[in-house]
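[1] Here's my sequence, what's the structure:
(chains A and B)
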Protein chains: 2
Amino acid sequence: MDTMAALKARSAQLVDLHHIMALMQWDQEVGMPRRAAAGRAGQFATLSGLLHRQETDPKLGELLARAGEQPELSGVEQALVRVLRRSYNRNTKLPEAFVTEFAQLTSEAQACWVEARQRSDFALFRPLLEKLVVMSRRQADYFGYADHPYDALLDIYEEGLTTAATEQMFARLKEPLIARVHKWQGRTPGLRFAEPFAGADQERFAARLLAAMGFDFDRGSLARSIHPFSTTLGHHDRRVTNRYSPHGLDFVFGALHEGGHALYEQGISDELAHSHLDDGVSLGIHESQSRLWENIIGRSRPFWERFFPELQTFFPAQFAGVDFESFIQGINRVEPGLIRVDSDEVCYNLHVLIRFELEKALLEGALAVADLPVAWNEKYDEYLGVKVGSDEVGVLQDIHWSHGSFGYFPTYTIGNLAAAQIWAQYKKVDSDYEQTIGTGDFFKIRQWLTEQLYRHGSVYPPTELLEKVTGQPLDSKYFLEYLDDKISGIAG
Amino acid sequence: MDTMAALKARSAQLVDLHHIMALMQWDQEVGMPRRAAAGRAGQFATLSGLLHRQETDPKLGELLARAGEQPELSGVEQALVRVLRRSYNRNTKLPEAFVTEFAQLTSEAQACWVEARQRSDFALFRPLLEKLVVMSRRQADYFGYADHPYDALLDIYEEGLTTAATEQMFARLKEPLIARVHKWQGRTPGLRFAEPFAGADQERFAARLLAAMGFDFDRGSLARSIHPFSTTLGHHDRRVTNRYSPHGLDFVFGALHEGGHALYEQGISDELAHSHLDDGVSLGIHESQSRLWENIIGRSRPFWERFFPELQTFFPAQFAGVDFESFIQGINRVEPGLIRVDSDEVCYNLHVLIRFELEKALLEGALAVADLPVAWNEKYDEYLGVKVGSDEVGVLQDIHWSHGSFGYFPTYTIGNLAAAQIWAQYKKVDSDYEQTIGTGDFFKIRQWLTEQLYRHGSVYPPTELLEKVTGQPLDSKYFLEYLDDKISGIAG
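    Model prediction:
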């Protein structure tokens, strides 16, 4: 078993370097001084280059070739070989100079995006975005694809996902969702708070909710950033960030969302620690957990029957005159808006559809970056009936493109659909699920999710894992049923 | 000039990796989750190993050999070659396995030290400290030395420093200092505050002082850690940490001290950015700047004539009943105590002497780690006349040994002596120096220090730099004169 021991050691070392990069990224978004951006970009370039050399080491390729001849691999070992092969094949297709250049570009682009967004000035970001599109197309060419260059990028985030499959998924959602938006739009009132929220109190309440969910603060932390995210810096180091606007409840749902991601990661078996399997298997499966905790549990009536009194106690002035029913209606209000992350559950996948269509067009060359803001604004008008007033709340709202992450957005919709499908399965084993949520103790739910899903890390490919948990491939009917069940009762 | 271009590129890449390690260290002490320690240790080991391979690359040795043949190197280029040679020679003497093992050990030891100190239990730390001593002696053997194994370690932190020179330095200080302790001990009352200090207010005041000193928050940050430190994560990323005990003014002098280190680093010329010269030249010179700002400026009468009213305004309840004179007496009180970092300026170098003698004995094998607490306590009794009640305030008080940093402590005394010597030089160009301090605007002082000292980074070796600034080698008379001038006026 020398081959397997060598592969495991290589996996551990590569994972270490990835976690170090994750720390650099976390720090960049959480606490790095303003003028350090260019220097950090150089550091990313240096470490990416070293990592790339390790990840493309021909000796790793030889070990992977020899692993196929090993007769008695355990299931976990077979999975490690499979995941390492996928990674090795991908990495050997990118020249080192490309990887270094791309890392430098994305680090600069992210700092530039922050500034462009603050100034609501797309023109500031445009030159870097143009480079990012060009490099992403080169990336797709390096990876190779059967039908569409976008296929090569989708597959990065969701193993096996294609442009055709994504088009089909949205084809089944687009009209039903637009119909439901029209049906429910503005049927319940929005929430109004008598006073703004103080950041320190929001942070304390966010930490309270994370603790209630079962987030282990000995194995993670909560920090502040412009755009909330969760990240893994080690098997026992799964961090979330959140943001604290004085207006509204973003801080609550941000915490539940990122907390869902982190619970998934914290639930991965210790057996998989320090290897490529110690990771959520795909962005779609990951998002299914953030959305399950944020929306299915976190916007449910029994959840707030338990936590609304605490929320009122934390924020007595803000909640003066907000009763429970109007709170439940408010947090489930269907109302088309400009911002994806603020979107209700019905409109959300239409935001994703817009990004999918635009990315596809950019990569095909059918749309020029210079024309992107206009195209963005037209689609928002057409699908959601809203007018985009400025780039800050339009085309500059998301961090993803500054990371060079084209092909990422569709996984949000996969996550929404998978969350509803997995939850439908949970309800079969816990018919008192509403009472379970109402206790405010999520041990039972977390235990089931951990047993079924979390502990497996990346052992099973995402489609196989979903079938293992729910008995069938991804099916949008559960999501539409879930919406109809909940929203009909609220927006009647 | 291909050789120099290649050396500069290598220097930039190595500096990047060092700065990434500094980020990992910063995060470990500032925000890392408790259970992440072992994983982080593995990450340090992985990156140290990669870095070591880069730093010992025979091609770097060839480039350095060829650099000697280049006829037209600028002064800065010659300095870079000199510093790279020193680093290459040191690094090629350590086998990679040793470096990896040492990095793993120090990372574990640091987490262990935190716990041992919290529990005040030396026995918990002892096994790792024993390993650290053994590995430090192996390190000295690898480096080689003429007279004493300790020489090899002293030279790491202060180029050219020897055991004999350190013994001589202390021989000229020991009796004069003990005599002054006896003379001034307890002559002025200590400070008593009516109420404890709140951490958030302390942090705001610390940030206020850093801003007044001229610390650039766009190129650095202030965070919290158990033991205050300053660190460099990039040319435009020089960070300080501080701690906030509810009792006393540690937070003020911690901020001034770490701020002094950071000002030095922020003052390094942009011309030296992203190279081995972009660094304070030695720990002794570094400490001269932290002590200059903390003590010479920061405990002076004119400094507090400017800032005492602000301090009172920040902390009205705490300072009720504390007048200006008793404040000045309190912050300059001579009173032997247990804790080095809380020590007055007169006793301080006796704390350092104790550590120097113990380290030397440990490395010689004359003292066993098991006997260290007893030896520590005996010396504290002998030199300072104080009884050590527990390991937490005794042998476990300093982080340095957990980092494997033997030979570091003497640089504190070098710093104290150099600070007084450099300040004596400043007074020659600014006879109104008290008035300058009293304005609370330190531009003039910072400009002189930057011009004379800070901007040069590591271009000149430390002894050469000190002579360049002050016209003579290190001389303890300036420090003793400074003490006599100040303390006689206060404790008369």
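[2] What residues does the stretch 251-400 of chain A have near chain B?
    Contact residues (CB under 8 Å from any CB of the partner chain) of the stretch 251-400 of chain A with chain B: A:Ala273, A:His274. Yep, even glycine has a C-beta here, placed from its N, CA and C like the rest.
[3] and the closest residue to chain B within the stretch 251-400 of chain A, what does it touch?
    Minimum separation of the stretch 251-400 of chain A from chain B (CB to the nearest CB) falls at A:His274, amounting to 6.9 Å. Shown in contact with A:His274 (CB atoms under 8 Å, 6 or more residues apart in numbering or on different chains): A:Ser11, A:Ala12, A:Val15, A:Asp16, A:His235, B:Gly39, B:Gly42.
[4] Now the two most distant members of these.
    A:Ser11 and B:Gly39 (14.2 Å; CB to CB).
[5] ok, back up a step: among the contacts of A:His274, name the buried ones.
    The neighbour count (16 or more other CB atoms under 10 Å in any protein chain shown) marks A:Ser11, A:Ala12, A:Val15, A:Asp16, A:His235, B:Gly39, B:Gly42 as buried among the contacts of A:His274.
[6] from these, which has minimum pLDDT?
    Least confident by pLDDT among the buried ones among the contacts of A:His274: that is B:Gly42, with 92.
[7] In this structure that one contacts B:Thr100, no?
    No - B:Gly42 lies out of contact with B:Thr100 (CB atoms under 8 Å); the separation is 10.1 Å.
[8] re earlier: let me know the closest of the buried ones among the contacts of A:His274 to B:Arg355.
    B:Gly42 (30.3 Å).
[9] what about the longest helix anywhere in chain A, near chain B?
    Scanning chain A for the helix with the most residues, using DSSP state H, yields helix A:2-30. Yes - Helix A:2-30 is in contact with chain B by CB under 8 Å from any CB, via A:Ala12, A:Gln13, A:Asp16, A:Leu17, A:His19, A:Ile20, A:Leu23, A:Met24, A:Asp27.
[10] Spit out the contact partners of the fourth one.
    Taking CB under 8 Å, 6+ apart as the contact definition, A:Leu17 lies against A:Leu47, A:Leu50, A:Leu51, A:Gln54, B:Thr46, B:Leu47, B:Leu50.
[11] Could you pull out the strands in the stretch 351-492 of chain A for me?
    With DSSP state E, counting those that start in this stretch, there are no strands along the stretch 351-492 of chain A.
[12] Of all the residues in it, which one is nearest chain B?
    Nearest to chain B in the stretch 351-492 of chain A, going by CB to the nearest CB, is A:Gly457, at a distance of 15.3 Å.
[13] count of residues packed around that residue?
    Neighbours of A:Gly457 under the rule other CB atoms under 10 Å in any protein chain shown: 26.
[14] Dihedrals phi and psi, it?
    In this entry, A:Gly457 is assigned phi and psi values of phi 50, psi -130 (degrees, to the nearest 10).
[15] Can you name the residues that contact it?
    A:Ile268, A:Ser269, A:Leu272, A:Leu277, A:Asp278, A:Asp279, A:Gly280, A:Val281.
[16] ok, now with 10 Å
    Applying CB atoms under 10 Å, 6 or more residues apart in numbering or on different chains to A:Gly457 gives the contacts A:76, A:79, A:83, A:264-265, A:267-269, A:271-273, A:275-281, A:465.
[17] Report the separation between it and A:Gln425.
    20 Å (CB to CB, to the nearest Å).
[18] repeat for A:Leu453
    Distance of A:Leu453 to A:Gln425, computed by CB to CB: 10 Å.
[19] How about A:Thr436?
    Taking CB to CB, one finds A:Thr436 at 15 Å from A:Gln425.
[20] repeat for A:Ser290
    A:Ser290 is 18 Å from A:Gln425, by CB to CB.
[21] what about these two, which has more around it?
    A:Ser290 (25 against 17).
[22] ok, the residue nearest the centre of chain A - contacts?
    Against the mean C-alpha coordinate of chain A, by CA atoms, centre = their mean, the closest residue is A:Glu287 at 5.0 Å. A:Glu287 is in contact with A:157-158, A:257, A:260-261, A:264, A:280, A:294, A:411-419, counting by CB under 10 Å, 6+ apart.
[23] Model confidence for it, exactly?
    Per-residue pLDDT puts A:Glu287 at 97.
[24] I'd like the domain boundaries of chain A, if you could list them.
    With domains defined by automatic domain parsing, chain A comprises A:2-148, A:164-491.
[25] so how far does the longest one reach from one end to the other?
    Criterion CA to CA, to the nearest Å; first-to-last residue distance in domain A:164-491 is 34 Å.
[26] ok, now the shortest one?
    Its start and end residues considered, domain A:2-148 measures 40 Å (CA to CA).
[27] quick revisit: would you reformat the contacts of A:His274 as TSV and include distance to A:Pro196?
    Shown next, in TSV, are these (distance: CB to CB, whole Å):
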residue	distance to A:Pro196
A:Ser11	48
A:Ala12	47
A:Val15	42
A:Asp16	43
A:His235	39
B:Gly39	39
B:Gly42	44
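[28] just those now: which is nearest B:Pro189?
    Nearest to B:Pro189 out of the contacts of A:His274 is B:Gly39 (CB to CB; 49.3 Å).
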